[in-house]
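> one predicted model, sequence on top.
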Amino acid sequence: MTVTGIAVHPYALPLVRPWAAARTTLHERRGQLLAVTGEDGITGWGDCAPLPSSGTDGHARAFEALADAARILKGREAAELLADGSELSPVPEVRWAIETALFDLEARREGVPLTRHLRSGAPSSVAINAALGPLDDGCAARAEAAAKTGFAVAKIKVGIGTVENELAGLRKVIKAAEGRLAFRLDANRAWCVADARRFLTAIADWPIDGVEEPLAEPTPDALATLQADLPFPLAADESLPVLGPDALLEAGAVRRFVVKPARLGGIRATLALAEKARAAGIELVLTSVVDSAVGVTAAAHLAASLAENAVHGLGTLGWLTRDVAEGPAIANGRLVLPAGAGLGLDVVACGEAFEG
Ligand SMILES: O=C(O)CCC(=O)C1=CC=C[C@@H](O)[C@@H]1C(=O)O
Ligand SMILES: [Mg+2]
């Protein structure tokens, strides 16, 4: 299938309320959708939404790289671009956008959902965590609501206040959930080793599903030392591409990898990492960088094909005031993949397109 048309659609999606984390607060998501059309008129979509605070390139560099890459796609064979190991772009989130569009195109042509294109027996839904945001005054109410709507795991941002205040806040939230939720905490590299140890030791007997990125200066050995004393998994998220999976695996640093395919550099890089994680017995949790429906749905298809029993982190679409497509439904703590071919989305691209 020859690629005959390329278009790029910029978008800006305000959030319903600020997304606060230890090192940043987000107010809107800005990105560009890539539309790749084949000679039969079928179009595949990808999402390029840099989030520098999460370790990606800045918007200007990423959008420039997307335009560069888009220029060389025209006239090439979609399947060959994916099969021959081409670099496609030096920028990870650009590779993610291009690969998503090409895989979407291929799956649409085949007439199957992307997840089944990747693995024929993949399920049509995945469990996800509720994304509760920071440990503020409203968090207990949000936890109660999440438990009522069927979530079993809820994710909370920590490392924003002091250790003592956050332990007190977390105790209240746990009480409000009345035993119906396990909590996934994300410190986004907030703590020195002593604070991390203080916090993690205090919660060792609480209903904790896991803790992401506890250390401000993580090394594989420092993480391994912490992990060895804990009953729940520590998870590498932003450290994963920085320290590298091999060093983390070798040190036995963490029991879980949180994978953001845009940050990791696309579908093929995620498939390769999943293989490594599986061989080492490391749990894989797929999530997004608070993407548009195109990015989140693509990551959800990958999640269903790669780790069907994990509780993933893809529950962020409700944080956007508007979107580029109607995203997947969430029912009973599960994200239900669209039944249509490819991503299964009808993309209503916002913003004026420019041609590649
Ligand atoms: O994993 C989730 O439940 C949602 C995504 C999410 O938490 C994040 C996305 C992007 C940046 C961060 O604030 C945060 C994370 O670090 O995991
Ligand atoms: Mg994280």
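That came through, no problem. From a predicted model like this one, the values you see are computed outputs, not experimental measurements. Residues are numbered from 1 along each chain as shown. Ligands and ions are numbered 1, 2, ... in the order given.
> the helix or strand hosting Leu170: which residues count as buried?
Leu170 belongs to helix 163-177 when assigned by DSSP states H and E. The neighbour-count check on helix 163-177 (16 or more other C-beta atoms under 10 Å) flags 163, 166-167, 169-170, 173-174, 176-177 as buried. In short, each C-beta sits where N, CA and C put it, glycine included.
> JSON lines for those residues, including pLDDT and distance to Arg278?
Listed next are the buried residues of helix 163-177 as JSON lines, based on pLDDT from 0 to 100; distance: C-beta to C-beta, whole Å:
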{"residue": "Val163", "pLDDT": "98", "distance to Arg278": "35"}
{"residue": "Glu166", "pLDDT": "98", "distance to Arg278": "34"}
{"residue": "Leu167", "pLDDT": "98", "distance to Arg278": "35"}
{"residue": "Gly169", "pLDDT": "97", "distance to Arg278": "36"}
{"residue": "Leu170", "pLDDT": "98", "distance to Arg278": "32"}
{"residue": "Val173", "pLDDT": "98", "distance to Arg278": "33"}
{"residue": "Ile174", "pLDDT": "98", "distance to Arg278": "32"}
{"residue": "Ala176", "pLDDT": "96", "distance to Arg278": "36"}
{"residue": "Ala177", "pLDDT": "96", "distance to Arg278": "31"}
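> including distance to ligand 2, could these go into a markdown table?
Output for these, formatted as a markdown table (distance: C-beta to the ion, whole Å):
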| residue | distance to ligand 2 |
| --- | --- |
| Val163 | 19 |
| Glu166 | 16 |
| Leu167 | 20 |
| Gly169 | 19 |
| Leu170 | 17 |
| Val173 | 18 |
| Ile174 | 20 |
| Ala176 | 23 |
| Ala177 | 21 |
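> and which of those residues is nearest Thr219?
Comparing those against Thr219 with C-beta to C-beta places Val163 closest, at 21.1 Å.
> do I have it right that that closest one meets Arg197?
No: at 10.0 Å, Val163 does not count as touching Arg197 under the criterion of C-beta atoms under 8 Å.
> shared neighbours of those two, anything?
Common contact partners of Val163 and Arg197 (C-beta atoms under 8 Å, 6 or more residues apart in numbering): none.
> spell out which parts of the protein neighbour ligand 1.
Residues of the chain lying close to ligand 1 by C-beta under 6 Å from any ligand atom are 21, 51, 54, 129, 131, 155, 186, 188, 237, 287, 289-290, 313, 315-316.
> farthest pair within those residues?
Among those, Leu51 and Asn129 lie farthest apart (C-beta to C-beta), at 18.6 Å.
> quick one: stretch 148-167 to chain centroid distance?
18 Å (C-alpha atoms, centre = their mean, to the nearest Å).
> buried residues in stretch 61-74?
In stretch 61-74, counting by 16+ other C-beta under 10 Å, buried: 61-63, 65-67, 69-70, 73.
> can you list the residues that contact it?
3-6, 8, 10, 32, 34, 36, 48, 50, 56-57, 81, 88-91, 93-94, 97-98, 356.
> what's Arg76 sitting at in phi/psi?
phi -90, psi 160 (degrees, to the nearest 10).
> is the nearest residue to it once chain neighbours are set aside bridged to anything, and to what?
Spatial nearest neighbour of Arg76, chain neighbours left out: Val3 (5.5 Å); criterion: C-beta to C-beta, 6 or more residues apart in numbering. Under DSSP bridges, the beta-bridge partners of Val3 are Gly38.
> tell me how many other residues crowd Val3.
Residues contacting Val3 under the criterion other C-beta atoms under 10 Å number 23.
> residues from this protein in reach of ligand 2?
Proximity of the chain to ligand 2 (C-beta under 5 Å from the ion) is limited to residues 186, 212, 237.
> show the pLDDT at the residue nearest to the first one when sequence neighbours are not counted.
Distances taken as C-beta to C-beta, 6+ apart put Glu212 closest to Asp186, at 4.1 Å, once the chain neighbours are dropped. What the model reports as pLDDT for Glu212 is 98.
> could you do Gly351 as well?
58.
> ok, Thr321 - contacts?
Applying C-beta under 8 Å, 6+ apart, the residues contacting Thr321 are 13-16.
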